[in-house]
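S.K.: I'd like to go over a predicted model; first the sequence, then the structure.
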Protein chains: 2
Amino acid sequence: MLILNLSMKAILVVIDGLGDRPIRKFGDKTPLEAAFTPNLDELASRGICGIMDTVAPGITPGSDTAHLSLFGLDPHKHYHGRGPIEACGAGLKLEHGDIAFRANAGTVDENLIIKDRRAGRIESTKDLCKVIDGMEIDGVKVILKPSSWYRAVLVLRGKGLSDKVSPNDIKKLGVPVQKVKPLDNSQEAKRTAEVLNKLTKISYEKWRDLDINKKRIKEGKLPANIILFRGAGTYVPVPTIEERYHMKSACIAGGGLYKGIGAFLGMNVINVPGATGKYDSDFMAKTKKAMEIIGDYDLVFVHMKATDSAGEDGNPELKREMIEKMDAAIGKLLGFDGLLVVTADHTTPCELKKHSYEPVPLVMSGPGIRTDSVKAFGERSCSSGGLHRIRGLDLLPIIANHMGFSKLYGA
Amino acid sequence: MLILNLSMKAILVVIDGLGDRPIRKFGDKTPLEAAFTPNLDELASRGICGIMDTVAPGITPGSDTAHLSLFGLDPHKHYHGRGPIEACGAGLKLEHGDIAFRANAGTVDENLIIKDRRAGRIESTKDLCKVIDGMEIDGVKVILKPSSWYRAVLVLRGKGLSDKVSPNDIKKLGVPVQKVKPLDNSQEAKRTAEVLNKLTKISYEKWRDLDINKKRIKEGKLPANIILFRGAGTYVPVPTIEERYHMKSACIAGGGLYKGIGAFLGMNVINVPGATGKYDSDFMAKTKKAMEIIGDYDLVFVHMKATDSAGEDGNPELKREMIEKMDAAIGKLLGFDGLLVVTADHTTPCELKKHSYEPVPLVMSGPGIRTDSVKAFGERSCSSGGLHRIRGLDLLPIIANHMGFSKLYGA
């Protein structure tokens, strides 16, 4: 086993849902092609470009499966649902076999009909979680930890559990809280569904009359009187980036899922004030922080979310504006003397308002890079670059190898 | 499980054996590059191009394995011989485990030496099949159904059979009808070979003195007095296109194998008058029919064969002529408002007179396609297109995804 000793640092910027399709009112340019991006174009000029299918050609990746691929883990092998990744992002230390869910505090009427899936966007679930966290139902430990705003993370810990259960929340209003059903014929799924149905009932009984809800009702706000959960997944630990490449890594992200990806993969998750994961996120604060901490790490992963949201909102002007703000923030990285990589996790065409399958653009710039003739960072310009068309699973091996953290294969 | 709801229709045209190598007398252009193809070039200008290894780089695909790949089924897993696909093309309803063969009515002398493999191109095998179809040999049911001209489909149905048997026809004249041999040491192969050897003998005994043969001999024609078979394969059902993508599909083809591919994959096989699978085939009738029926389907597959035949005949001028006729027919599709895809199943270089391994050109055109700068449809021009170099197995996932029939992978 040979560890190369000429190591280089790297910053990887993932712009969420960056890819798009031609937009008529932009003269058939994509938002990225239409945006003013002097810094990304400078990177394209300095570096080598390409396009990338983050999972595989013709596959529409979720944000979770896409990021697993980008960090070198085949999602077909390592993806077991979104819940455990979100739980990692909320700072939970999961145990192998834990069943994790994304949870909301919601509002139901006395017939358990859902009135609001976010309990009037309640600011915190801390007081709600406290009365449930740690309890046991049928010998199963229930862990419930607050996340941002109305969000929480639910974990079931115990023997004989399964993630093959339906959610009690199908993202619809005016319908009853769903009865959880087993999704296969196993005893484990049956048992897990029973525990979850009891938990749903308990949350209503315990939360309904809490002081916090009495106060909210008095103030004309919606009470947070029901737990809603979805995204069931089993926590199965994966080999961390450090275990695979002996490199220290950090994650700078606003959204819970992306912090979760970082924690799930053993990165040090750095909280940056102003990094909200929303349109108002301070992209510049993120890239500044990356430059500040790169001395302490080998690899810093910077995630920017707002482009994906603009795509899902079907707003190309907003997407272009977000790209231009991100470009300005990426300008802070142009002085970095290591390997700088900018790419996306998937395409989110404004015309579809959802993820889609098309490959994403990719640029790598830094010492030793075999440059190409691409001068602009765009879906189509990158397509003629020297990296050609690669897969997401190829990215981290290429980055780690260029950094000097890979072993010789053979002799 | 999310089924996207913004669906689009698609027409997929496969030009058989279209790929070729540079031809000296065409100024080192391929037949496709040398042909006048204003419609294909228009499609290339409107769309995104690339090249495709239908099975894998360096692999020469058969028409059967190539088409399985193009329709998203890995032939290494799903290909069990040509016989069952041909049988599907002849309209047979096969059962799991049936052993199917391509069969001909042939002519032998009294020493069972083959004089003609097609019995003087006899117009029909209907009367011949009738006297054998349905009989039992050693408890095995023999199914023999007429196909076009001198062709038929032979199926053995029963327990304890195997497709690991040699053919009785090695495509040679002046040799004895071959004794079928088991190709492995299994009891099943031994038993199947015995049944087939008895069947060969029975066909001679039953056909020799049929009125139809007495009449043929009187007319100076060759009698159809022996069954010849090859292409043994086991029928193992595959997931249909509808099962995989929830789309309704139709197949327009002349050749039996390509109708077979359609039927095998659960497409509705549409017979078009004039679609012969030969040089005289009415390509225009096929594309007209595709436009007529597309309203009733999500995906229409149009197959055109004559380019492959011209390659196998080593005739570049004829291949170019066929390409120009097909281009004119494809002109009928330019007004189609869905996704139009034109490609090939493999390369058939005129200089080799057989299939070869080189990737084939591919163009996709339609709403939402991220276009490239390719303006001509040819092996080398498509090579610089935005699709780069993909594999046959990627094609249907890309098409189905662009049509809106794919699920999100992950969350």
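M.R.: Good, I have the coordinates.
S.K.: pull up the residues of the stretch 51-200 of chain A that are close to chain B.
M.R.: A:51, A:55-66, A:75, A:79, A:81-82 (Cβ under 8 Å from any Cβ of the partner chain). Heads up, the C-betas are built off the backbone N, CA and C, glycines and all.
S.K.: just those: which are in helices?
M.R.: A:63-66, A:75 (DSSP state H).
S.K.: tell me the one among the residues you listed nearest to chain B.
M.R.: For these, the residue nearest chain B by Cβ to the nearest Cβ is A:T65; the value is 3.2 Å.
S.K.: what sits against the nearest residue in space to that closest one that is not next to it in sequence?
M.R.: Nearest non-adjacent residue to A:T65, counting by Cβ to Cβ, 6 or more residues apart in numbering or on different chains: B:G410, 3.2 Å away. Neighbour list for B:G410: A:61-66, A:75, A:79, A:82 [criterion: Cβ atoms under 8 Å, 6 or more residues apart in numbering or on different chains].
S.K.: next one, pLDDT for A:N401 please.
M.R.: Note for A:N401: predicted pLDDT of 97.
S.K.: ramachandran angles for it?
M.R.: Dihedral pair for A:N401: phi -70, psi -40, per degrees, to the nearest 10.
S.K.: packing partners for whichever helix or strand A:L12 is part of?
M.R.: The secondary structure element spanning A:L12 is strand A:10-15 (assigned by DSSP states H and E). Judged by 3 or more Cβ pairs under 8 Å, 6 or more residues apart in numbering or on different chains; DSSP states H and E, strand A:10-15 is in contact with helix A:63-70, strand A:299-304, helix A:316-330, strand A:339-344, helix A:392-403.
S.K.: dump the fourth one to PDB, keeping only the CA atoms.
M.R.: Written as PDB, here are the backbone C-alpha positions of strand A:339-344 (Å, rounded to 0.1, in the frame of the first residue of the first chain):
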ATOM      1  CA  LEU A 339      -7.700  21.900  -6.700                       C
ATOM      2  CA  LEU A 340     -11.000  23.800  -7.200                       C
ATOM      3  CA  VAL A 341     -13.900  21.800  -8.500                       C
ATOM      4  CA  VAL A 342     -17.300  23.200  -9.300                       C
ATOM      5  CA  THR A 343     -20.300  21.100 -10.400                       C
ATOM      6  CA  ALA A 344     -23.900  20.200  -9.600                       C
END
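S.K.: pLDDT on it, on average?
M.R.: The model assigns strand A:339-344 a mean pLDDT of 98.
S.K.: can you list the residues that contact whatever helix or strand comes next after that strand?
M.R.: Using DSSP H and E, the helix or strand that follows strand A:339-344 in sequence is strand A:360-365. Residues from elsewhere that reach strand A:360-365, judged by Cβ under 8 Å, 6+ apart: A:18-19, A:32, A:40, A:43-44, A:46-52, A:54, A:339-347, A:374, A:377-379, A:381-383, A:385, A:387, A:390, A:395, A:398-399, A:402.
S.K.: in JSON lines: the helices and strands packed on strand A:10-15, plus distance to B:R121 and mean neighbour count.
M.R.: Below are the helices and strands packed on strand A:10-15 laid out as JSON lines (distance: least, Cβ to Cβ, whole Å; neighbours: other Cβ atoms under 10 Å in any protein chain shown):
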{"stretch": "helix A:63-70", "distance to B:R121": "56", "mean neighbour count": "28"}
{"stretch": "strand A:299-304", "distance to B:R121": "69", "mean neighbour count": "28"}
{"stretch": "helix A:316-330", "distance to B:R121": "63", "mean neighbour count": "22"}
{"stretch": "strand A:339-344", "distance to B:R121": "60", "mean neighbour count": "26"}
{"stretch": "helix A:392-403", "distance to B:R121": "54", "mean neighbour count": "21"}
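S.K.: can you lay out those as TSV showing distance to B:Y245?
M.R.: As requested, the helices and strands packed on strand A:10-15 are arranged in TSV below (distance: least, Cβ to Cβ, whole Å):
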stretch	distance to B:Y245
helix A:63-70	19
strand A:299-304	32
helix A:316-330	29
strand A:339-344	26
helix A:392-403	23
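S.K.: nearest to A:A87, of these?
M.R.: Of all the helices and strands packed on strand A:10-15, it is helix A:63-70 that lies closest to A:A87, at 12.3 Å by Cβ to Cβ.
S.K.: what is that closest one packed up against?
M.R.: Applying 3+ Cβ pairs under 8 Å, 6+ apart, we find helix A:63-70 packed against strand A:10-15, helix A:75-78, helix A:256-264, helix A:392-403.
S.K.: and the lengthiest helix in chain A, what's buried?
M.R.: What stands out as the longest helix in chain A, according to DSSP H, is helix A:187-207. By 16 or more other Cβ atoms under 10 Å in any protein chain shown, the buried positions in helix A:187-207 come out as A:188-197, A:199-200, A:202-204, A:207.
S.K.: ok, of those, which one's closest to B:A90?
M.R.: Nearest to B:A90 among these, counting by Cβ to Cβ, is A:A189 at 45.6 Å.
S.K.: you'd agree that closest one is up against A:G160?
M.R.: No. A:A189 lies out of contact with A:G160 (Cβ atoms under 8 Å); the separation is 10.0 Å.
S.K.: before we move on, the earlier item: let me have the ones in helices among the residues of the stretch 51-200 of chain A next to chain B in a markdown table, extended by pLDDT.
M.R.: Output for those, formatted as a markdown table (pLDDT from 0 to 100):
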| residue | pLDDT |
| --- | --- |
| A:S63 | 95 |
| A:D64 | 96 |
| A:T65 | 98 |
| A:A66 | 98 |
| A:P75 | 98 |
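S.K.: switch the residues you listed over to JSON lines; also include distance to A:K141.
M.R.: Output for those, formatted as JSON lines (distance: Cβ to Cβ, whole Å):
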{"residue": "A:S63", "distance to A:K141": "29"}
{"residue": "A:D64", "distance to A:K141": "25"}
{"residue": "A:T65", "distance to A:K141": "29"}
{"residue": "A:A66", "distance to A:K141": "32"}
{"residue": "A:P75", "distance to A:K141": "28"}
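S.K.: quick check: the farthest pair among those?
M.R.: Maximum distance among those (Cβ to Cβ): 11.2 Å, for A:S63 and A:P75.
S.K.: quick revisit: let me know the closest of the ones in helices among the residues of the stretch 51-200 of chain A next to chain B to B:I23.
M.R.: Using Cβ to Cβ, A:A66 is the member of these that lies nearest B:I23, at 44.8 Å.
S.K.: that closest one and A:M52 touch, don't they?
M.R.: No. Assessed by Cβ under 8 Å, A:A66 is found out of contact with A:M52, at 10.0 Å.
S.K.: any residues in contact with both of these two?
M.R.: Listed as contacting both A:A66 and A:M52 by Cβ under 8 Å, 6+ apart are A:G392.
S.K.: per-residue confidence for the closest residue to A:L196 other than its chain neighbours?
M.R.: In space, and not counting its chain neighbours, A:L196 is closest to A:V180: 4.3 Å by Cβ to Cβ, 6+ apart. Listed pLDDT for A:V180 reads 98.
S.K.: likewise A:S148?
M.R.: At A:S148, pLDDT is 84.
S.K.: OK, contacts around it?
M.R.: A:G256.
S.K.: tell me how far it lies from chain B.
M.R.: 18 Å (Cβ to the nearest Cβ, to the nearest Å).
S.K.: that residue in helix, strand or coil?
M.R.: What DSSP: H, G, I helix; E, B strand; the rest coil gives for A:S148 is coil.
S.K.: sec struct for A:S281, please.
M.R.: Per three-state DSSP, A:S281 ends up coil.
S.K.: A:L43 versus that one, what's the distance?
M.R.: Applying Cβ to Cβ, to the nearest Å, the value for A:S281 to A:L43 is 21 Å.
S.K.: again with A:E33
M.R.: 15 Å.
S.K.: more neighbours: these two, which one.
M.R.: A:L43 (26 against 23; other Cβ atoms under 10 Å in any protein chain shown).
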